[in-house]
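Peer 1: Predicted coordinates and the sequence they were generated for:
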Amino acid sequence: MGFYEVYKGFFEAFKTKMEEIEALKQVVLGERFKLAKLPLAIINPTETMISQEHIGSKLRLTVSFDVILVIRETEPEDWFENILTVMASVVDKVLQDRTVNEKCKDIIPVRFMPGEVRFADKMYYGGLIEFRALIFYSP
């Protein structure tokens, strides 16, 4: 299996996990989308560090990516009830299966940032969760 298949396979499995979250109406990974159905999760790959594992041809991939959550258009009355519950459901879902159906060795959330999200000169409310996953790959 080539690098692309391993990399894309991980993200497709992650997207499938996100689609299981009842609070999310739409999950996007690399495709065009409209901000029509909220709450929306956008999976955004950011950086992958590649290093040699100790012995042999195995490579260690440290995959970093963000999940941008666009939850609502209006300012929430209660951030904990209206925003953080949706964000926490994403973290909880990931921590239930830290191998993402055996597509990675481990995954952890490394940043959890509720706040304002801007798209097309319009402000929404939601947040960003950054994740790091460890994948071993043999070319």
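Peer 2: Looks like it came in fine. Residues are numbered from 1 along each chain as shown.
Peer 1: Who does Val70 form a beta bridge with?
Peer 2: Leu40, Gly126 (DSSP bridges).
Peer 1: what about it, neighbour count?
Peer 2: The local packing of Val70 (other Cβ atoms under 10 Å) involves 22 other residues. Where you see a C-beta, it was placed from the backbone N, CA and C, and this is true even at glycine.
Peer 1: That one and Ala36 touch, don't they?
Peer 2: No. Between Val70 and Ala36 no contact is recorded; they are 10.7 Å apart, counting by Cβ atoms under 8 Å.
Peer 1: what about Thr99, neighbour count?
Peer 2: For Thr99, the count of nearby residues is 13 (other Cβ under 10 Å).
Peer 1: would you say it is within a strand?
Peer 2: No. Counting by DSSP: H, G, I helix; E, B strand; the rest coil, Thr99 is not part of a strand but coil.
Peer 1: In contact with it, which residues?
Peer 2: If you count contacts by Cβ atoms under 8 Å, 6 or more residues apart in numbering, Thr99 has them with 105-107.
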